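**Q** Need the 3D shape of this:
(chains A and B)
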Amino acid sequence: MSEMTKPVKTRFAPSPTGFQHIGGMRTAFYAWLLARHYGGKFILRIEDTDQERKVPGAIRFILEELKWFGVDIDEGPSREELRAIGEDYPDAPNLSSPHGPYIQSLRKARYQEVANQLIKLGVAYRCDCTHEMLERERLEQMARREVPGYSGYCRTRDVPADKPHVVRFKMPYKQEIALQDALRGKVVFESASLKDPVLLKSDGLPLYHLAVVCDDHDMGVSHVLRGTEWLPTAPLHWLLYQALGWEPPVFCHLPVVLGSDGKKLSKRHGATSSDIFRKEGYLPEALFNYVVLVGWAPGQGSNQEVFTREDLIKQFTLEGINLSSGLFDYNKLIWMNGLYVRQLPIEEFISRCESFLTQAGLPGADATFRAIAPHIQERVKILTEVPDMVSFLYKEAIDREIDSMLQKGIDASKAKEMLSVGRGALQNLPDFSHSAIDAALRPLAEKFGVKPGPLFMVYRIAALGKKITPPLFESLEILGKDRALKRFSETEQLLG
RNA sequence: GGCCCCAUCGUCUAGCGGUUAGGACGCUGGCCUCUCACGCCGGAAACAGGGGUUCGAGUCCCCUUGGGGUCACCA
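**A** As a prediction, the model looks like this:
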């Protein structure tokens, strides 16, 4: 796209019908990034015109989710607006609301005003057809293998305003409608594919089509970023802008995000809501980075894929967005999360582990954990792995994968002897540091005629229980002499 | 089915008429090494097919195929 000619203002406009899945969040990220890149504004608007589908608490969830990702909002529902629909909560942000309300159910009068304007303009009309009539019409059309849609029966009936009615848009019968999409260029539709759609429902609330056009205009939105599912109805929005004499925004229909099986992202794919990602131990900055990368790349020959937030703001433009839908690859996310985990300053790593530790029933970030933390940080990909890696330091009795120590010519009696000799070597150590432990145990390998690896595996299983652990000597040091020796002798007993 | 969108390794992508088609994840061989992880070195792996345009097409055009979206008083 060429240069931005007007101030950039983008919006995220979710409907509060439950959790946002990660594909929807990506749309929010792109809109936010675009606004920040051009030094514009990012607004949040709640599209709750379907009163039946709204779920209590969903707005709070969206707000907290955006906050978790560090997506800050310039304009959005004020505290008062939240209160007006019963969705206020302690610590709710009181967003600046210069073109408010930013909650559609609070803008009813405005939509009715615009609907009336459209009727006066002759491009919309009242319709009182019943659901039954509509259904019968639809069935007949399908029987005749026609495209289903409203026939336009009420177009000329002049239904009085005091009768229950909807307001429909008078779709031109046979006309090409061309609209500009920022990513695809000119897209041409036949008007026949859209048949007199409803703009205002009989309950007086608008349908999406009326509400978006009206709000995006009223709120000064310059760029509409939304999923491709909106592309087929975009001509209607375009026509509405024309009828009203409003300048349309730049439309940008984003490809969808699919699950790893190529199907639309859903619960079946495991985590799809940011809430679940958080609980599973993903870092918001890693998730943000990864999600932005599904469908966007810096281009210009750049290979960069790890970005700080500032990098992203600096480099994000519409040109980098890809046209084809992308699969969400959990493998790559996990890899990237590991990368971010490793980059965390140690103190930060420790504090982020805290809640995962306590949730697993461990004491939390105590001295023991602080000691082992540097050794597990580089082995962790997602934070939920942490408790398992350190639990050997907290349990009184550990389970031991005995089979793993009995290998490469080491049978039970030999292992037992190794433990006994090793215990002797450690017993006299005045300084139970990892380097001293190393120095005491390493020479024993030669004595037993084995490589250090297999010998240390015996000690590893004995003291830590598992085949895969943090480094042995450091772990022993943190475990402490008494407990280390006790675990050695316990194992000797176990081996008969 | 109608309409619309899309098409480079399994996945995310670089490429914007002339390249040994590059990178990343994953997979895999090796090194490092007390296990694992990290790190480093190497490998297998792609232009969906067919027509054009051009001296020359992954790059431009058309068709086919494949995938996706959408056809509500939901968004």
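**Q** Return the residues of the stretch 101-250 of chain A in contact with RNA strand B.
**A** A:129-131, A:134, A:138, A:145, A:147-150, A:166, A:184, A:187-190, A:193, A:197-198, A:201-203, A:205, A:207-208, A:228-233 (C-beta under 7 Å from any atom of the strand). Where you see a C-beta, it was placed from the backbone N, CA and C, and this is true even at glycine.
**Q** Please repeat the previous calculation with a cut-off of 6 Å.
**A** Selection of the stretch 101-250 of chain A residues close to RNA strand B by C-beta under 6 Å from any atom of the strand yields A:131, A:134, A:147-149, A:166, A:184, A:187-190, A:193, A:198, A:201-202, A:207-208, A:228-229, A:231-233.
**Q** May I see the ChimeraX selection of the buried members of those residues?
**A** The buried residues among those can be selected in ChimeraX (16 or more other C-beta atoms under 10 Å) with this line:
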select /A:134,149,166,187,189,198,201,207,208,228,231,233
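**Q** Keep only those of the residues of the stretch 101-250 of chain A next to RNA strand B that are in strands.
**A** A:Val166, A:Val187, A:Val188, A:Phe189, A:Glu190, A:Val198 (DSSP state E).
**Q** want to throw these into TSV with pLDDT and distance to A:Pro345?
**A** Converted to TSV, those look like this (pLDDT from 0 to 100; distance: C-beta to C-beta, whole Å):
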residue	pLDDT	distance to A:Pro345
A:Val166	96	59
A:Val187	94	48
A:Val188	93	54
A:Phe189	92	53
A:Glu190	87	58
A:Val198	96	55
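**Q** and which of those residues is nearest to RNA strand B?
**A** A:Val198 (3.6 Å; C-beta to the nearest atom of the strand).
**Q** Which pLDDT does the model give A:Ser404?
**A** With respect to pLDDT, A:Ser404 scores 88.
**Q** most remote residue from chain A's center?
**A** A:Lys447 (55.6 Å; C-alpha atoms, centre = their mean).
**Q** can you tell me which residues contact that one?
**A** A:Val421 (C-beta atoms under 8 Å, 6 or more residues apart in numbering).
**Q** Please parse chain A into its domains.
**A** Split into domains by automatic domain parsing, chain A comes to A:107-254, A:345-394, A:402-494.
**Q** A:Trp68 and A:Pro284 touch, don't they?
**A** Yes. A:Trp68 lies in contact with A:Pro284 (C-beta atoms under 8 Å); the separation is 5.2 Å.
**Q** Need the overlap of contacts for those two.
**A** Joint contacts of A:Trp68 and A:Pro284 (C-beta under 8 Å, 6+ apart) are A:Ser274, A:Arg278.
**Q** got any ranges where the stretch 201-350 of chain A has weak pLDDT?
**A** Counting by pLDDT under 70, the stretch 201-350 of chain A has low-confidence residues at A:270-271.
**Q** quick one: the strands in it?
**A** A:223-227, A:250-254, A:257-258, A:326-327 (DSSP state E, counting those that start in this stretch).
**Q** what's the answer for the stretch 351-496 of chain A, then?
**A** Going by DSSP E, counting those that start in this stretch, the stretch 351-496 of chain A shows no strands.
**Q** before we move on, what about the stretch 1-150 of chain A?
**A** A:9-12, A:41-44, A:124-127.
**Q** Tell me which of those strands is the most buried.
**A** Highest mean neighbour count among these (mean count of other C-beta atoms under 10 Å): strand A:9-12, with a mean of 26.
**Q** That one packs against which elements?
**A** Counting contacts by 3 or more C-beta pairs under 8 Å, 6 or more residues apart in numbering; DSSP states H and E, strand A:9-12 is packed against helix A:22-37, strand A:41-44, strand A:223-227.
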